[in-house]
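Asks: compute the structure for the input listed below.
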Amino acid sequence: MTVQTKSVKGRRTVSYQSFDDLLEDAEAMAHGVVQTLGNWSLGQIFQHLASALESSIDGFSFKAPLHVRLVAPFLKKRFLKKPVPAGFQLPAAGQAQLVPAATVSTAEGLDALRLAVSRTESESKRAIHPVFGRLSKQESDQLQLRHAEMHMSFVVPAEE
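Replies: Predicted structure coming up:
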């Protein structure tokens, strides 16, 4: 049964100032006893975040509809400062690129996330974003951190 992520209760409040903060939280969650409140396992969340980071450098296989891309620049600052809203459905091309396999383990996803963060920190190139268009490295990185906050908010310590 698919969870409607827009209405999930009990999510964590997560805030990352840097990719180090993201990795520190990911490591803690990977080594703790957790539950995920959405539709993905912890490994899938890590893999998805890694894929999004890699795509922010290599490029995305999809674009938002024109009307969205025309309005998006006026909303960009909000998305750079506040977590991305939950419940967004990727188009088919985006799903193919960014939705992880159900079989991704926590260890595999965490390894992919570590590698993607390392690459993100070492490379200055950023691809055109499918919604916001051309972003600076700083803007792209901030957007990726807001994206990570949203997904990691679905990972909560398991109740005993």
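Asks: mind listing the helices for the protein?
Replies: Taking DSSP state H, the helices of the chain run over residues 19-30, 42-58, 66-81, 92-98, 106-122, 137-152.
Asks: now, of those, which is deepest in the fold?
Replies: Mean neighbour count (mean count of other Cβ atoms under 10 Å) peaks for helix 42-58 among the helices of the chain, with a mean of 22. (Glycine included, C-beta is placed from N, CA and C.)
Asks: for that helix, what is the average pLDDT?
Replies: If you average the pLDDT over helix 42-58, you get 96.
Asks: what angle do helix 19-30 and that helix make with each other?
Replies: Counting by axes from the mean of the first three to the mean of the last three Cα atoms, to 10 degrees, helix 42-58 lies at 160 degrees to helix 19-30.
Asks: can you spell out which helices and strands pack onto helix 42-58?
Replies: Helices and strands touching helix 42-58, as assessed by 3 or more Cβ pairs under 8 Å, 6 or more residues apart in numbering; DSSP states H and E, comprise helix 19-30, strand 34-36, helix 92-98, helix 106-122, helix 137-152.
Asks: if we can go back for a sec, now distance to residue 129 too, for the helices of the chain, in CSV please.
Replies: What follows is these, written out as CSV (distance: least, Cβ to Cβ, whole Å):
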stretch, distance to residue 129
helix 19-30, 18
helix 42-58, 7
helix 66-81, 9
helix 92-98, 12
helix 106-122, 14
helix 137-152, 7
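Asks: these: which one's closest to residue 10?
Replies: helix 137-152 (13.8 Å; Cβ to Cβ).
Asks: give me the contact list for the helix or strand of the chain with the lowest mean pLDDT.
Replies: In the chain, no helix or strand scores lower on mean pLDDT, DSSP states H and E than helix 92-98, which sits at a mean of 74. Residues from elsewhere that reach helix 92-98, judged by Cβ atoms under 8 Å, 6 or more residues apart in numbering: 48, 51-52, 55, 60-62, 90, 130.
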